[in-house]
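Peer 1: When you get a sec, could you give me coordinates for this:
(one chain, ligands or ions: 1)
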Amino acid sequence: MGGKKLRVGWFSFTCCEDSTMVFIELMNDHLDEWRKLIEFRHARVLKKNNTLSDIDVAFVEGAITNDKDANYLKEIRENSKKLIAIGACAVTGMPAAQRNNFDQETKNEIQFLIKRFDQADRVRKVSEVVKVDGEIPGCPMEEPIFLSALQGCLKEFGVVNA
Ligand code: SF4
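Peer 2: I've put the predicted structure just below:
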């Protein structure tokens, strides 16, 4: 291997972070291989010093529930060649977006929480905020589809032979 690595970012927004747990569990089987092929530019679950620049692929988990997160997601997009939404919350907004469908009475009841936590009126899926290049469905994400997408990126960016 010529030393070229895929520069990956791993980001979590509003969710239970179970796709991150799946990802960590996958390291039991793949860590040795990934060490040689992947540079984790930004992955707070793995390290303290993170860099939000020159990312080949950003994997984004979770729904977007406020403007601050939406702006951060846009920043991630600007610094990533590809962006892949992982897990139902990111891909469809659900289950996090259930409150979008509350009746008006229920919406009124939770309004104080929306204000207290500075939340947006609607919960958005990732593709409602930025352009998405791929989606990994599942709650949490489906492992085989994630591994296949990762392999596709390794080929696309010339880290392994196509
Ligand atoms: S998609 Fe499911 S598992 Fe993943 S963060 Fe959302 S609720 Fe949790």
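
Peer 1: What is the three-state secondary structure of N28?
Peer 2: Using DSSP: H, G, I helix; E, B strand; the rest coil, the secondary structure recorded for N28 is helix.

Peer 1: same question but for L147, I mixed them up
Peer 2: Strictly by three-state DSSP, L147 counts as helix.

Peer 1: repeat for F40
Peer 2: strand.

Peer 1: wait, what's in contact with it?
Peer 2: V8, G9, W10, L46, K47 (CB atoms under 8 Å, 6 or more residues apart in numbering). The way it works is simple: take the backbone N, C-alpha and C, and place the C-beta from them, glycine included.

Peer 1: at 7 Å instead, please
Peer 2: The contact partners of F40, by CB atoms under 7 Å, 6 or more residues apart in numbering, come to V8, W10, L46, K47.

Peer 1: With respect to G62, which of those residues is nearest?
Peer 2: Checking the contacts of F40 against G62 by CB to CB gives W10 as the nearest, at 11.3 Å.

Peer 1: Am I right that that closest one falls within a strand?
Peer 2: Yes: the assignment for W10 is a strand, going by three-state DSSP.

Peer 1: List the beta-bridge partners for it.
Peer 2: Judged by DSSP bridges, the bridge partners of W10 are A43, F59.

Peer 1: State the number of residues packed around it.
Peer 2: Using other CB atoms under 10 Å, W10 has 22 neighbouring residues.

Peer 1: Just the local confidence number for G2, please.
Peer 2: On pLDDT, G2 comes in at 54.

Peer 1: what do you get for A162?
Peer 2: The model's pLDDT for A162 equals 82.

Peer 1: Just give the nearest non-adjacent residue to it, would you?
Peer 2: Closest residue to A162 apart from its sequence neighbours, by CB to CB, 6 or more residues apart in numbering: K155 at 4.5 Å.

Peer 1: of the contacts of F40, buried ones?
Peer 2: Among the contacts of F40, the ones that count as buried by 16 or more other CB atoms under 10 Å are V8, W10.

Peer 1: T20 belongs to a strand?
Peer 2: No: counting by three-state DSSP, T20 falls outside a strand, being helix.
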